[in-house]
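Colleague: Need a 3D model of the following:
(one chain, ligands or ions: 1)
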Amino acid sequence: MNILDKIVADKRIEVQRHKEAYTVDMLLGSEQMMRSTVSLSRALSESSSGIIAEFKRRSPSKGWIHRDADVERVVLDYQRGGASASSILTDYTYFGGTVADLCKVRKSIDIPLLRKEFVIDEYQIYQAKAIGADAVLLIAAVLDRKTCRRFTDLAHSLGMEVLLELHEEKELDYLDTGADMIGVNNRDLTTFETRVEHSFDMVRYLPSDKICISESGISSPDTVRALRRVGFRGFLMGENFMKEVRPGAALSWFVKQLNGGEDVG
Ligand SMILES: O=C(O)c1ccccc1NCC(=O)[C@H](O)[C@H](O)COP(=O)(O)O
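Modeller: All right, here's what the predicted structure looks like:
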């Protein structure tokens, strides 16, 4: 069994536990259900940096990256440092995150928040809205097309946007599932091989009328500039910031480099 299959198998058990503890009706009654979301796609098309700064304490490929990171501190610093949005990993087993991380952050953050999860059940979409997410990630590698479309429609009905993540050319037929943004993951989730060049290979197949996001393995401002030149508007970056003692300061430095050394405030 590869790592992705293992994550998905464990996720089914976890979702079942969550459903038993907190039903969809309970989620629907939560305060955040009434909240108006902030558009991630608009933030990426309007904002200067395009960086979606990720909060991840650990990963299957690297182990612990920043075990004791304080989510509120880090994401507030991301916002102040010029991130266009933040991605919060809510998987505990493999990434050391929790749904409580996103809930906590929501109270003090205005930039759009992406719930980064392995979504395999519609329950997780209701849950995303209930914890304060503005957008959800749907990964083509773990969903069939019909389910992807159904989940996209559900997210939209709850006022959230969808980032559809692709990795392989054979997944291009998911482009008609209605997602708001298309992500190219530079990491092969079955082998962990990470090549930013992958985004440059895939871009020719992506629709020009959708916001496209390059995900994983980005660590230099020059790479972001080159990705912008070929049409990417969003850049999902995690480890490059989270490996630092002060991830927010690392993000701020990165954004200043993108802006030619100027402060973004
Ligand atoms: O990060 C991993 O090792 C990983 C392994 C298996 C499935 C997913 C994984 N990561 C999720 C992500 O997509 C990344 O956290 C995200 O794109 C940021 O990547 P990076 O900048 O390389 O931390």
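Colleague: Report how many residues lie close to the residue nearest to residue 1 when sequence neighbours are not counted.
Modeller: If you skip the residues right next to it in sequence, residue 1 has residue 9 as its closest partner in space, 7.4 Å away by Cβ to Cβ, 6 or more residues apart in numbering. Every residue, glycine included, has its C-beta placed from N, CA and C. Other residues within reach of residue 9 by the criterion other Cβ atoms under 10 Å amount to 11.
Colleague: Now do the buried residues in the strand or helix carrying residue 9.
Modeller: With the criterion set as DSSP states H and E, the secondary-structure element containing residue 9 is helix 3-21. Neighbour-count burial for helix 3-21 flags 4, 7-8, 11, 14-15, 18 (criterion: 16 or more other Cβ atoms under 10 Å).
Colleague: Show me what it is packed against.
Modeller: The helices and strands touching helix 3-21, judged by 3 or more Cβ pairs under 8 Å, 6 or more residues apart in numbering; DSSP states H and E, are helix 122-131.
Colleague: returning to that earlier point: isn't the residue nearest to residue 1 up against residue 15?
Modeller: No. Because the distance of 11.3 Å does not satisfy Cβ atoms under 8 Å, residue 9 is recorded as not touching residue 15.
Colleague: element containing residue 104, please.
Modeller: helix 99-106.
Colleague: quick one: is the helix or strand following that helix near the ligand?
Modeller: Later in the chain than helix 99-106, the nearest helix or strand by DSSP H and E is strand 113-116. No. Judged by Cβ under 6 Å from any ligand atom, strand 113-116 and the ligand are separated, with a smallest distance of 6.7 Å.
Colleague: who are the neighbours of strand 113-116, in terms of helices and strands?
Modeller: For strand 113-116, the helices and strands in contact under the criterion 3+ Cβ pairs under 8 Å, 6+ apart are strand 85-89, helix 99-106, strand 135-139.
Colleague: ranges for the helices of the stretch 151-265 of the chain?
Modeller: Using DSSP state H, counting those that start in this stretch, the helices of the stretch 151-265 of the chain run over 197-202, 221-229, 239-242, 247-258.
Colleague: Highest mean neighbour count out of these?
Modeller: Comparing the helices of the stretch 151-265 of the chain by mean neighbour count (mean count of other Cβ atoms under 10 Å), helix 239-242 ranks first with a mean of 22.
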